[in-house]
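> Provided below are the primary sequence and the corresponding predicted coordinates.
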Amino acid sequence: MAEKILVIGACGQVGTELVENLQKVHGGANVVASDIRKSDNPLFDNGPFEILDVLDNKQIATVFATHKPTIVYHLAAMLSATAEANPKLGWQLNMDGTFSIFDACIEYDVKRIFWPSSIAVFGPTTPAIMTPQSTILEPNTIYGITKLAGERYCEYYHARYGLDVRSIRYPGLIGWKSLPGGGTTDYAVDIFHKALHQGKYECYLNNETTLPMMHMEDAVRATLEITDAPTTQIKIRSSYNIAGVSFNPDQLTAEIQKHIPDFSITYAPDHRQKIADSWPQSINDSVANQQWGWNAKYNLEKLVVNMLDNLKLTLAVEK
Ligand code: SER
């Protein structure tokens, strides 16, 4: 039987690219995209689109009853910097939204669900270098707290109700097809746009802030691979560490300057510095590697070439 996929939060940074990939595999008609509002990306005209606010249980019931999804990707969430500005709403959207979607998955007999966690589950007491899969989890951002609670909730729902939920801890995600919104790692996307448009960038993190990052192509592949993996391979039902590439703004700048020699960067750290400082620098993903074969493909050099090449093409089309 053909799968029926529901992507919640489809217009976001990950959702947009995931929907594009899923449409290729399953056909546009079998991928239902949903979000609180529709973006004007023509991608969403290739298949059904539903307006879905995850805080509206009636809307959730209607969408599930109408489309009867077999696989759900629940990506709707408020990222770290935005949630810090409105902690109550951050909690509500990230937690209540997840509770309702998980319950709907059980009620409507969904076969599998993917829910993303984040490196934000780690905190200042976590070992910062090559952070292991199982370690101290004492996040001090509201976003991290919701992600940690969500991880525990995933494991609980799997153990108690048999919900086949799969999850990975996304690092900062870098892609050229879609823009992030409200995250602490967003600088690593913005910098490419500014490098090409203005030749300079003012960074809101200091030059030495090393963070785990990943090219979007790797992130989407990880998402599809874990969701498609045989159940027997998924032994962790909270969330898996996955690693891509770690760098700081200085290192990223030096790599960009290999292609745009006049590119310059200045530093004006703001409130996001504190969030970044609480997160690890690099991630040990050996458990994901052993259990479901995870391996990233992009290193820093490849990531920079890919971002600049594709954004240049996009710019040429826009002109
Ligand atoms: N990229 C996210 C953020 O910065 C982390 O998961 O909030």
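Received, thanks.
> Just to be sure, residue 32 is in a helix?
No. Counting by DSSP: H, G, I helix; E, B strand; the rest coil, residue 32 is located in no helix; its state is strand.
> wait, isn't it in contact with residue 15?
No. Contact criterion CB atoms under 8 Å: residue 32 and residue 15 do not qualify, at 11.8 Å. Every residue, glycine included, has its C-beta placed from N, CA and C.
> Could you pull out the residues contacting both of those two?
residue 7 (CB atoms under 8 Å, 6 or more residues apart in numbering).
> Could I get the buried residue list for the helix or strand harbouring residue 150?
Using DSSP states H and E, residue 150 maps to helix 142-161. Using 16 or more other CB atoms under 10 Å as the test for burial, helix 142-161 gives 142-151, 153-155, 157-158.
> ok, the helix or strand following that helix: who's next to it in the sheet?
Sequence-wise, the next helix or strand downstream of helix 142-161 (DSSP H and E) is strand 165-166. Strand pairing for strand 165-166, determined by DSSP bridges: strand 112-114 (parallel).
> for the strand it pairs with, what is the average pLDDT?
Strand 112-114 carries an average pLDDT of 98.
> and the helix or strand following that strand with the ligand, contact?
Where DSSP H and E defines the elements, the next helix or strand beyond strand 112-114 is strand 117-118. Yes. Looking at strand 117-118 against the ligand by CB under 6 Å from any ligand atom, the contacts come from residue 118.
> what's the average pLDDT for strand 117-118?
Strand 117-118 carries an average pLDDT of 98.
> For this structure, just list every one of the helices.
13-26, 57-67, 80-85, 87-91, 97-107, 142-161, 187-197, 216-228, 249-257, 272-277, 286-292, 300-318 (DSSP state H).
> buried residues in the fifth one?
Translated: helix 97-107. Buried-residue list, helix 97-107, by 16+ other CB under 10 Å: 97, 98, 100, 101, 102, 104, 105.
> and which of those residues is nearest residue 277?
Residue 277 lies nearest to residue 98 out of the buried residues of helix 97-107, by CB to CB, at 26.9 Å.
> The closest one - nearest residue in space that isn't next to it in sequence?
Computed as CB to CB, 6 or more residues apart in numbering, the closest residue to residue 98 that is not its neighbour in sequence is residue 150, at 5.5 Å.
> What of residue 44?
Sequence neighbours aside, residue 33 is the residue nearest to residue 44 in space, at 5.3 Å (criterion: CB to CB, 6+ apart).
> Please list the residues of the stretch 1-150 of the chain that sit near the ligand.
Counting by CB under 6 Å from any ligand atom, the residues of the stretch 1-150 of the chain close to the ligand are 79, 80, 118, 119, 120, 143.
> The nearest residue to residue 307 once chain neighbours are set aside: neighbour count?
Spatial nearest neighbour of residue 307, excluding adjacent residues (CB to CB, 6+ apart): residue 192 at 4.7 Å. Burial of residue 192 is recorded as 24 neighbouring residues (other CB atoms under 10 Å).
> now swap in residue 85 and tell me
12.
> related to what we said a few turns ago, contacting residues around the helix holding residue 150?
Applying CB under 8 Å, 6+ apart, the external contacts of helix 142-161 come out as 77-80, 83-84, 87, 90-91, 94-95, 98-99, 102, 106, 115, 117-118, 120-123, 137, 139, 163-165, 167, 169, 237-239, 278.
> Stretch 108-116 too?
Outside stretch 108-116, the residues that touch it by CB under 8 Å, 6+ apart are 3, 14, 64-65, 68-75, 77, 98, 101-102, 104-105, 150, 154, 163-168, 170, 223, 226-227.
> Also stretch 257-271?
Around stretch 257-271, the neighbours that count as contacts under CB under 8 Å, 6+ apart are 81, 84, 191, 195-196, 199-207, 249-250, 253, 256, 304-305, 308.
> filter the residues you listed to the buried ones?
Buried among the contacts of stretch 257-271 by 16+ other CB under 10 Å: 81, 84, 191, 195-196, 201, 203-205, 249-250, 253, 256, 304, 308.
> Nearest to the ligand among the residues you listed?
Nearest to the ligand, judged by CB to the nearest ligand atom, of the buried ones among the contacts of stretch 257-271 is residue 81 at 6.4 Å.
> Would you mind confirming that the closest one makes contact with residue 273?
No. With contacts counted by CB under 8 Å, residue 81 stays clear of residue 273, the gap being 10.9 Å.
> Touching both of those two, which residues are there?
With CB under 8 Å, 6+ apart as the test, residue 81 and residue 273 reach no residue in common.
> list the contacts for the residue nearest to residue 307?
Contacts were defined as CB under 8 Å, 6+ apart; by that measure residue 192 touches 176, 256, 307, 308, 311.
> What's the local residue count around residue 299?
Number of residues near residue 299 (other CB under 10 Å) recorded here: 13.
> Disregarding residues adjacent in the polypeptide, which is nearest to it?
Closest to residue 299 by CB to CB, 6+ apart is residue 245, at 5.6 Å.
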